[in-house]
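In: Quick one, structure for this:
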Amino acid sequence: MDIIQEEMLSPQINSLKRLLTTHYYRLMSICLLFYLFSACQSNTRENESQTPESTQASKPVQEKLDPLEQPAATLAQSYCTSCHLYPDPAFLDKETWKTILPRMGHYYGIYADDTTRDWLMEGGRAGLIVNRSNIFPESPVIDTLIFNKISAYFLQEAPVKLSPPERKEIRIGMPGFTLRKPENRTKNPMTLMVHISEPDRFYISDVGRSSLAIMNSQFKVQKTAPSPEGTVWIHEGAQHDYALVIGTFNPTDMDLGFVMRLPDGPGQPTPILARNLQRPVHMDRGDLDGDGLEDMVICEYGKQTGSLAWWKQDQYGNYQKKVLRQKPGATKAYIRDLNNNGRNDIIALFGQGDEGIFIYYNQGNGNFVAEPVLRFPPSYGSSYFELFDFNEDGHPDIIYTNGDNADYDPIAKPYHGVRIFLNDGNNRFKETFFYPLNGAYKAVPADFDQDGDIDIAAISFFPDYENTPEESFLYLENQGDMTFEASTFEEAADGRWMAMDVGDMDGDGDLDILLGSMVFGTDYSDYFDKWVDGSLPFLWLENRLK
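Out: Sure thing, here's the model as predicted:
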């Protein structure tokens, strides 16, 4: 979606815009497909029956149309788009819709029996958080006949099967790289994160073993530390390094995550900078209010609830949370000056229903105005994005992947893959490249062969293991004119790649690729037995250019 670059507004207009923005996001629901507040229904009915005052005296009042008399397609368009882009019935097959639609009823307060709502609610503090947010209303907030009519429409219009994804030729073998792997395989590896820190030093986090380790390029452990259910992100700063701990890997609304500052040396403290985070998955640091102190932006992915927030640092090193968007699914966020006005903005990716990329323009004094720049259907499964200058015009472009397939039994989706969106110079982004990759989870752009153009390393967590297991990892070598040649290594399916990082592992001046495997998922295949018995927990693709 195109955006309008924010201009310098007068204080009055700026205040009004912030007010409207706040109300807009309060009205948007946290549904996966088409949950909305009951106010949406009442507003629709009011709009249908409104008559301008100037015509009320000369024209009879029109009779209000019963929503049930409207076509099902009209009802679907009206109700669903209040939350997110319209979920075209053709985006999922009939069997998947049969699974999803009853779940959607829960967000409307429509349950199969009196015990369903209690079963949906977690115990303890997580359940209190969800209950306070009224995620699952105690009674219906939409006429069940309307919901049933919309549901029947989706089941009627959905295809029996989706069209198969476009098959691309993938060469087995990567002549420019050498596979480096540990001597021993690991049973049931659960690698959540890999991070190349510097030559001969990288971090690896195993969520199953609740450990964070520092290893060298020979895969020898240098240091280890406990990490509750895994460190998900490492931020290396000019003075200190920071670890973002997810707190709990399994889907929950429990707020056990935190940010800690890593010790500078043996015996040094590890202060907690932010706590009570709901499954945080990404963070960045930078000065967001112009006071010379580094603030933080943290993505709390959560489950039914979550948020994107920036954390203001005071002169004593304490942080205060300031919510930008009170919705789950915050996946990645970067601090950048996107309109070149000297103030740091925030750009963030959201999944979980209302999927898209949003820019939060810095208005000064700690105030931000949100602008959606890209919107995606709720079935896309947004998983990653990164800023980079693809065409070297001085403006940041976007590489984006969608392939998260964990909300229901995974199916191959022809719209999963890697996309590049070019910036027109005013932060309006247009898709200029799409590579179909079922289950695409992450894509990193870099000039691996140092020929002056951008190549791509990509991983898939949900490839079609039955037909195209080689899609687990792809190296897309740029051939010019937006064409790429795909290749992979012979043992690509010996791990299930959840994590990937790019950097100079051996200090020879070229970029290597580090992969980490996580054996997890409901899409059981013959590969699972192999992974559980012993698979590659991580490996290093050494670039042999130098």
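In: where does the protein dip in pLDDT?
Out: 1-65, 81-82 (pLDDT under 70).
In: where do the strands sit along the stretch 351-500 of the chain?
Out: 355-364, 367-376, 382-388, 397-402, 417-423, 429-436, 440-446, 455-460, 473-480, 483-488, 497-503 (DSSP state E, counting those that start in this stretch).
In: helices or strands up against the first one?
Out: For strand 355-364, the elements it packs on are strand 345-350, strand 367-376, strand 382-388, strand 397-402, judged by 3 or more CB pairs under 8 Å, 6 or more residues apart in numbering; DSSP states H and E. Placement of C-beta: from N, CA and C, glycine included.
In: Sheet partners, orientation included, of it?
Out: strand 345-350 (antiparallel), strand 367-376 (antiparallel) (DSSP bridges).
In: Looking at these, which one is packed in the most?
Out: strand 345-350 (a mean of 25; mean count of other CB atoms under 10 Å).
In: who touches that one?
Out: 288, 297, 299, 308, 310, 324-325, 327, 329-339, 356-362, 368, 373, 382, 384-385, 387, 400 (CB atoms under 8 Å, 6 or more residues apart in numbering).
In: Show the contacting residues for the residue nearest the centre of the chain.
Out: In the chain, the C-alpha closest to the average C-alpha coordinate belongs to residue 331, at a distance of 3.4 Å (CA atoms, centre = their mean). With CB under 8 Å, 6+ apart as the criterion, the residues that contact residue 331 are 281, 282, 299, 301, 348, 349, 350, 351, 382, 383, 384, 385.
In: Can you give me the distance of the second one to residue 121?
Out: As defined by CB to CB, to the nearest Å, residue 282 lies at a distance of 28 Å from residue 121.
In: hang on, the earlier thing: can you put the contacts of residue 331 in JSON lines and add distance to residue 149?
Out: Putting these into JSON lines (distance: CB to CB, whole Å) gives the following:
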{"residue": "281", "distance to residue 149": "37"}
{"residue": "282", "distance to residue 149": "40"}
{"residue": "299", "distance to residue 149": "37"}
{"residue": "301", "distance to residue 149": "33"}
{"residue": "348", "distance to residue 149": "35"}
{"residue": "349", "distance to residue 149": "34"}
{"residue": "350", "distance to residue 149": "29"}
{"residue": "351", "distance to residue 149": "28"}
{"residue": "382", "distance to residue 149": "29"}
{"residue": "383", "distance to residue 149": "33"}
{"residue": "384", "distance to residue 149": "37"}
{"residue": "385", "distance to residue 149": "36"}
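In: tell me which residues in the helix or strand hosting the residue nearest to the centre of the chain are buried?
Out: When elements are assigned from DSSP states H and E, residue 331 belongs to strand 330-336. Under the neighbour-count criterion of 16 or more other CB atoms under 10 Å, strand 330-336 has 330, 331, 332, 333, 334, 335 buried.
In: tell me which of the residues you listed is nearest to residue 409?
Out: Of all the buried residues of strand 330-336, residue 331 has the smallest distance to residue 409: 22.0 Å, by CB to CB.
In: What distance do you get for the closest one to residue 308?
Out: 9 Å.
In: Give me the common contacts of the two.
Out: What both residue 331 and residue 308 touch, as defined by CB under 8 Å, 6+ apart, is the set 299, 348, 350.
In: Apart from its chain neighbours, what residue comes closest to the last one?
Out: Using CB to CB, 6 or more residues apart in numbering and skipping residues adjacent in sequence, the residue nearest residue 350 is residue 329, 4.6 Å away.
In: Name the residue in residue 282 and residue 121 with the higher neighbour count.
Out: residue 282 (22 against 16; other CB atoms under 10 Å).
In: contacting residues for the closest residue to that one other than its chain neighbours?
Out: Counting by CB to CB, 6+ apart, residue 299 is the residue found nearest to residue 282 once chain neighbours are left out, at 4.4 Å. Each residue near residue 299 by CB under 8 Å, 6+ apart is listed here: 280, 281, 282, 283, 308, 330, 331, 332, 333, 348.
In: what about the second one, which SS state?
Out: Just to be clear, that refers to residue 281. The local conformation at residue 281, judged by DSSP: H, G, I helix; E, B strand; the rest coil, is strand.
In: The nearest residue to it once chain neighbours are set aside - how many residues pack around it?
Out: Nearest residue to residue 281 in three dimensions, chain neighbours excluded: residue 301, at 4.7 Å (CB to CB, 6+ apart). Using other CB under 10 Å, residue 301 has 24 neighbouring residues.
In: same thing with residue 533?
Out: Applying other CB under 10 Å, I find that residue 533 has 10 neighbouring residues.
In: picking up where we left off before, redo the strands of the stretch 351-500 of the chain as a markdown table? Include distance to residue 524.
Out: Written out in a markdown table, the entries for the strands of the stretch 351-500 of the chain read as follows (distance: least, CB to CB, whole Å):
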| stretch | distance to residue 524 |
| --- | --- |
| strand 355-364 | 27 |
| strand 367-376 | 28 |
| strand 382-388 | 21 |
| strand 397-402 | 23 |
| strand 417-423 | 24 |
| strand 429-436 | 24 |
| strand 440-446 | 18 |
| strand 455-460 | 17 |
| strand 473-480 | 21 |
| strand 483-488 | 23 |
| strand 497-503 | 17 |
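In: Of those, give the one that comes closest to residue 204.
Out: Nearest to residue 204, of the strands of the stretch 351-500 of the chain and by CB to CB, is strand 497-503 at 8.2 Å.
In: Return the angle between stretch directions for that closest one and strand 382-388.
Out: Following axes from the mean of the first three to the mean of the last three CA atoms, to 10 degrees, one obtains 10 degrees for the angle between strand 497-503 and strand 382-388.
In: Can you list the buried residues in strand 497-503?
Out: Here strand 497-503 shows 497, 498, 499, 500, 501, 502, 503 as buried, counting by 16+ other CB under 10 Å.
In: Closest one of these to residue 292?
Out: residue 503 (29.5 Å).
In: Skip the chain neighbours and tell me the closest residue to that closest one.
Out: Nearest one to residue 503, counting by CB to CB, 6+ apart, is residue 196 at 3.2 Å.
In: Contacts only, for the one you found.
Out: 202, 501, 502, 503, 504, 505, 512, 514.
In: can you do 6 Å?
Out: Contacts for residue 196 (CB atoms under 6 Å, 6 or more residues apart in numbering) come out as 202, 501, 503, 505, 514.
In: what are the bridge partners for it, then?
Out: Applying DSSP bridges, one finds that residue 196 bridges with residue 202.
In: Next: residue 234.
Out: residue 243.
In: which residues touch it?
Out: So residue 234 contacts 195, 203, 243 (CB under 6 Å, 6+ apart).
In: which one among the contacts of residue 331 gets closest to residue 439?
Out: residue 383 (8.8 Å).
In: Residue 401 is in contact with the closest one, correct?
Out: Yes: using CB atoms under 6 Å, residue 383 makes contact with residue 401 at a distance of 5.0 Å.
In: out of the two, which sits in the busier spot?
Out: More crowded of residue 383 and residue 401, by other CB under 10 Å: residue 401, with 29 against 25.
In: The closest residue in space to the more buried one that isn't next to it in sequence: how many residues sit nearby?
Out: Once flanking residues are discounted, residue 401 sits nearest to residue 440: 4.1 Å by CB to CB, 6+ apart. Residue 440: 30 surrounding residues under other CB under 10 Å.
In: partner residues bridging residue 440?
Out: residue 460.
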